[in-house]
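1. Show me how the following folds:
(chains A, B and C, ligands or ions: 1)
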Amino acid sequence: MKAPLQSRQQIPRQRILERIRAATLDCAQDPAMREEAYAALPRAYTRHGQLSAEARLKLMIERLREYDAEVVETTPEALPDAIAAQLAASDKHSFLAPPGTPSEWMVTAAWKISGLEWTIDHGLATAEIEQSEGVVTAASCGIADSGTIVLHHSASEGRRVLSLLPDWHLIILRASQVVETLPEYFARFQQPSGLVTWISGPSATADIEMTRIKGVHGPRFLNVILVRDKS
Amino acid sequence: MRELGHPVILCNRQIVLLSNNIRVRVYALRQSVAVMRASLFITCYNDTLYPETGRAVVRLLERLGVEVDFHAQQTCCGQMHANTGFRGEAFSQAKRFVRLYQEAETVVIPSSSCVAMMRDQYPGLFEELGNEELRRQFAALLPRVYELSEFLIDRLGVEDVGAYFPHRVVYHASCHGVRALHLGERPYRLLAKVRGLALATLENVDRCCGFGGTFSVKNAEVSSAMLAVKLQDVIATGAEYCTALDNSCLMHLGGAMHRQYAGMKTIHLAEILASTEDAPAEATL
Amino acid sequence: MNYSHAELDPRKALPFPKAVLPVLRNPQLRKNVAHAIDVIQTKRARLVAEKDDWQELRTAASAIRAHALENLGAYLEQFEERCTAAGGTVHWAADADEARRIILDLLRQEKASEVIKIKTMTSAEIQLNPFLEANGVSAFETDLAEIILQLGGEEPSHIVVPALHVNRSQVREIFARRMGLKNLSDDPKELTNAARTYLRQKFLAIPTAISGANFLIAETGSVAVVESEGNGRMCLTLPRTMITLAGIEKVLPRFQDLEVMLQLLARSATGERMNPYTSLWTGVTAGDGPQSFHVVLLDNERSSILAKAKQRQTLKCIRCAACMNACPVYRQTGGHAYGSVYPGPIGAILTPQLMQMKFAQSLPYASSLCGACYEVCPVKINIPDVLLELRAQVVNQERGRAARYFDPMYVGLRVANLLFAKAWLFHVAQRLGRIGLGLYTRKDGWIHSLPGIGAKWTQTRDLRGLPDESFHEWWAKRGSQPGKEGK
Ligand code: SF4
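-> Alright, predicted model coming up:
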């Protein structure tokens, strides 16, 4: 009879770790030395951006547009209307919302657009998500340098599958969430959430003759509303 | 000599003056200034296959007031062996080089790949197979080892060497020159000051010609395919001469040009820089 | 129809100089490869140029990777602990065989007869797909390029764009035949859509997935996967069970280290500022994604590479493929000639080491040592240096073999070494060479054809005949007085 998987595992584990230890004897370090060595690693690259707040937002928008994302700007007060306008322009009718979505967003849109259907994700089955045409989520951060939007999949950002299956994704990004460089993102979120998705433009491939084709599996349409809140 | 031009080159011992009719005259100032001496390491293949390059280096350096000497015992830097995996053999040649040249004031080498061999590989060889003394001797010698364009620009501080070469030329930036020695603008600065010379722009200038030493034989077919691609870019410049700081690349490119009746010749940069109205480069004769 | 006949098992592959021959004579393939490479290279060059701190990023990345390797044991244990605490299970596989068996066991526990896969070179390294097929599990690749290869019966020829040797009309033919789509055009957009439709059902129906990992984060026990298409996100999100196969070298000390790696990776790999999707997950998350998660840590000779100080840097690799895109050899040959799932410069150093230098000994010589790979490598692996180290090992193997005396290159270099030891011997040899080569030198002073190993040169190149007077002879005649140039 085979030993249970768990205990069979112990043997290769030890063997591999021993081989690794033996291989790195020349540079063996105790935990304190390791910390020290890590702290001393050269990091002369740019951490902080040089742009003004305004230029940073401009760059963010520019980058997003390079990725063929739709970007509109609005104020916090006008946000529900702006969302409704985006939904209306999408020509789609069934939308998903994560459980943390402010009800005001949904109500305004439902009021303004006839036939609009909201489904709030309280553990929807994949098939139900698959039926929806679009999704509206918040985000955790925007990185202007690369036009990246970061989702930490909180209650207002939704589970990962939510922003994956629908063909159309609207992201609400606040100006105060936009940083210039990737290191600035990491400075802001030192204790990362267990799930992170960095999105830089819609799903794409260049596998056939290096021709860039938008939308292979993820949403083909990425829309962003940039909310000019006070930073 | 008629009217004097402005002195353009100032070396330790001599001032080179350009006259209005752009003839070059050399005046030795017999002063107390120390004479710059350069020991020419010609390299094994230049000695055997391209002596005209060595002659040009001598002529050029002497014209610039450098006293050139040549160590008759020299043979090879060991590159061919090291690059093929014959470390022990390469080591014995490297050791030989250090022994022969450790007293030299400066060593000038008209071959970028051989200089790269010394800078990139000697320290490792000496560490692995040599002893502490040898390692130290080499470390002391290394700063005095120059590739030709480095010697002219960094050591002598000259760009205009008073050369005349009335031809359309394309410069092949050899891999070792670009990526190992980081010669950068040096060769272009030298070429820019050659009177009569028109420099053509080469597409994909940093792409390898496919020589690679024994690679050209061990992987002859791939090497030839790389050569074909490189040659297209070189020929497309419409230049008469293709120059470089490494005769090994030129042997490769020139061999194909000759085979294909390509109507272009190769010439080492030293020969262009040595060339004057009175004494044109041998390759043009 | 199969567009190339590649053997990517280094134990069976032809030596590189032989394997390249059909490729070099295949205009379509060379055109496909050169086109793809040129597109990526142009994009990469533009994006690297705009980054003022590119060299500083490389320095940091190189140091981080080196540090991670020097402390690999500790960081792996930390990764294991944190990943386990977050609900994942970590398995250790000493070699390909163990890894395959662990994965099969896991699939059997799940009663899986089908599995969806995110592109992973490591799974190709351990030849996972054929093993699973043989054991009754169908593995479906989900990356567009991998689908093209899988359906076309092709082998990968690049580690980032594995199907770059196949052009659009070939893709059309493969899809039309295998998906039964007779009226498909060769428009990449239409082809991509066909793949999307083909895969959508698989994503929704198959509850088990296999992925690779770009990075393992020791600090958090997280795994990061970098991709473009979203097939990765599908595989990471929809299934019940997720199995990640990762080489032990993939570990990074901390989450924050991604700020360096992610800036370098996409720019180096595809010439983008950032790839469309990067996903990071940690063990299992209730209500989101697979509820059963396994990591298989694969050694497969990596610890032996780690043990050799000069070769250790090979393991810093983040598989961006910049080295093969920059390589003038790869540009002519494409990937298949390397006889390994890892082609190009990184393959030339990694493959023979993974084979304990028992196979693939021709690969360290598959380079002109031009240094372009080192120049672009985001983690500063000095590939030419490692190539030289491996060449020395190949020669040392040869030194012990009687057959060495029938290898003209070996004999030639040994003799040359004797000649170079004494100047007078060298000079005698020059004179003999002049006489010998004189027999082959034509009236125009050039040699058009040589026998033996020399024929390798003269098959495409002439050689100028030896001059009558070597430099040192000229010098001896002239004396060393300045101004006398012997003319
Ligand atoms: S060796 Fe360097 S350039 Fe090549 S794939 Fe690895 S990280 Fe990229």
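2. quick one, what contacts the residue of the stretch 151-285 of chain B found nearest the ligand?
-> Across the stretch 151-285 of chain B, no residue is closer to the ligand than B:R179, which sits at 14.3 Å (Cβ to the nearest ligand atom). For glycine as for every other residue, the C-beta is placed from the backbone atoms N, C-alpha and C. Neighbouring residues of B:R179 by Cβ atoms under 8 Å, 6 or more residues apart in numbering or on different chains: B:D206, C:C370, C:G371, C:A372, C:Y374, C:E375.
3. Out of the residues you listed, flag the one nearest to the ligand.
-> Closest approach between the contacts of B:R179 and the ligand, by Cβ to the nearest ligand atom: C:Y374, at 8.5 Å.
4. Tell me, how many residues neighbour that closest one?
-> By the criterion of other Cβ atoms under 10 Å in any protein chain shown, C:Y374 has 21 neighbours.
5. Just the ones of the contacts of B:R179 in helices?
-> Secondary structure from DSSP state H places C:A372, C:Y374, C:E375 of these in helices.
6. Now do the contacts for the residue nearest to the first one when sequence neighbours are not counted.
-> Excluding the flanking residues, the one nearest C:A372 by Cβ to Cβ, 6 or more residues apart in numbering or on different chains is C:A326, at 4.2 Å. Taking Cβ under 8 Å, 6+ apart as the definition of contact, the neighbours of C:A326 are C:Q41, C:A372, C:C373, C:E375, C:V376.
7. again, only this time at 6 Å
-> Taking Cβ atoms under 6 Å, 6 or more residues apart in numbering or on different chains, we find C:A326 in contact with C:A372, C:C373, C:V376.
8. And the residues you listed, which is closest to B:H258?
-> Nearest to B:H258 among the contacts of C:A326 is C:A372, at 27.1 Å by Cβ to Cβ.
9. Roughly how far does the closest one sit from C:P22?
-> Counting by Cβ to Cβ, to the nearest Å, the gap from C:A372 to C:P22 is 25 Å.
10. ditto for C:L390
-> Distance, C:L390 to C:P22, by Cβ to Cβ: 26 Å.
11. Establish whether the longest helix along chain C and chain B are in contact.
-> Using DSSP H, we find that the single longest helix of chain C is helix C:27-49. No. Helix C:27-49 does not reach chain B (Cβ under 6 Å from any Cβ of the partner chain); its nearest approach is 8.1 Å.
12. That helix - contacts with which helices or strands?
-> Counting contacts by 3 or more Cβ pairs under 6 Å, 6 or more residues apart in numbering or on different chains; DSSP states H and E, helix C:27-49 is packed against helix C:322-326.
13. Run the chain-centre distance for the helix it packs on.
-> 9 Å (Cα atoms, centre = their mean, to the nearest Å).
14. Name the next helix or strand following that helix along the chain.
-> Downstream of helix C:322-326, the next assigned helix or strand under DSSP states H and E is helix C:328-333.
15. hmm, who's touching that following helix?
-> With contacts defined as Cβ under 6 Å, 6+ apart, helix C:328-333 is touched by B:R207, B:C208, B:V222, B:A225, B:M226, C:V20, C:V23, C:A34, C:I37, C:M324, C:G344, C:S367.
16. Just give me the neighbour total for the residue lying closest to A:P192 once chain neighbours are set aside.
-> If the residues on either side of it in the chain are set aside, A:P192 comes closest to C:F255, at 5.0 Å by Cβ to Cβ, 6+ apart. By other Cβ under 10 Å, the residues close to C:F255 number 22.
17. in terms of contact, does C:F255 touch C:I217 like I think?
-> Yes. Shown here, C:F255 and C:I217 form a contact pair, counting by Cβ atoms under 6 Å, at 5.4 Å.
18. Now whichever residue of chain A sits closest to chain B: closest residue in space that isn't a chain neighbour?
-> Chain B sits closest to A:D26 of chain A, with a gap of 14.8 Å, by Cβ to the nearest Cβ. Nearest residue to A:D26, sequence neighbours excluded (Cβ to Cβ, 6+ apart): C:A309, at 6.4 Å.
19. just to confirm, which helix or strand has the one you found in it?
-> According to DSSP H and E, C:A309 maps onto no helix or strand at all.
20. so what's the closest residue to chain A within the stretch 101-250 of chain C up against?
-> The stretch 101-250 of chain C approaches chain A most closely through C:G230 (3.0 Å), counting by Cβ to the nearest Cβ. Applying Cβ under 6 Å, 6+ apart to C:G230 gives the contacts A:S203, A:V216, A:H217, A:G218.
21. Can you tell me, leaving aside adjacent residues, what's nearest to it?
-> That would be A:G218: by Cβ to Cβ, 6+ apart, it lies 3.0 Å from C:G230.
22. Show me what the mean pLDDT comes to for the helix or strand containing C:L425.
-> Using DSSP H and E, C:L425 falls within helix C:423-438. Taken as a whole, helix C:423-438 carries a mean pLDDT of 96.
23. Indicate whether that helix makes contact with chain B.
-> Yes. Helix C:423-438 is in contact with chain B by Cβ under 6 Å from any Cβ, via C:A423, C:F426, C:Q430.
24. buried subset of the residues you listed?
-> Among those, the ones that count as buried by 16 or more other Cβ atoms under 10 Å in any protein chain shown are C:A423, C:F426, C:Q430.
25. tell me the contacts of C:L107?
-> So C:L107 contacts C:V137 (Cβ under 6 Å, 6+ apart).
26. Surely it is within a helix?
-> Yes. Under DSSP: H, G, I helix; E, B strand; the rest coil, C:L107 falls within a helix.
27. mind checking how far it is from the ligand?
-> Note on C:L107: its distance to the ligand, by Cβ to the nearest ligand atom, to the nearest Å, is 30 Å.
28. ranges for the helices of the stretch 151-300 of chain C?
-> Per DSSP state H, counting those that start in this stretch, the stretch 151-300 of chain C carries helices over the ranges C:168-179, C:188-205, C:231-237, C:258-269.
29. burial measure for B:E185, as a count.
-> 11.
30. Could you report the distance from it to C:S340?
-> Distance, B:E185 to C:S340, by Cβ to Cβ: 39 Å.
31. Show me the contact partners of the top helix by length along chain A.
-> Criterion DSSP H: the longest helix present in chain A is helix A:5-23. Helix A:5-23 is contacted from outside by C:L72, C:G73, C:H91, C:W92, C:A94, C:E98, C:D299, C:S303, C:L306, C:A307, using Cβ under 6 Å, 6+ apart.
32. Check what pLDDT the first one gets.
-> What that stands for is C:L72. 97.
33. Kindly report the same for the third one.
-> Per-residue confidence for C:H91 comes out at a pLDDT of 97.
34. thinking it is in contact with C:I102, fair?
-> Yes. The pair C:H91 / C:I102 is scored as a contact, 4.9 Å apart, by Cβ under 6 Å.
35. anything in contact with each of these two?
-> Both C:H91 and C:I102 are contacted by C:V296, under the criterion Cβ under 6 Å, 6+ apart.
36. now, the most widely separated pair of the contacts of B:R179?
-> Maximum pairwise distance in the contacts of B:R179, criterion Cβ to Cβ, is 12.8 Å, between B:D206 and C:Y374.
37. Just to be sure, A:I172 is in a helix?
-> No. According to three-state DSSP, the state of A:I172 is strand, so it is not within a helix.
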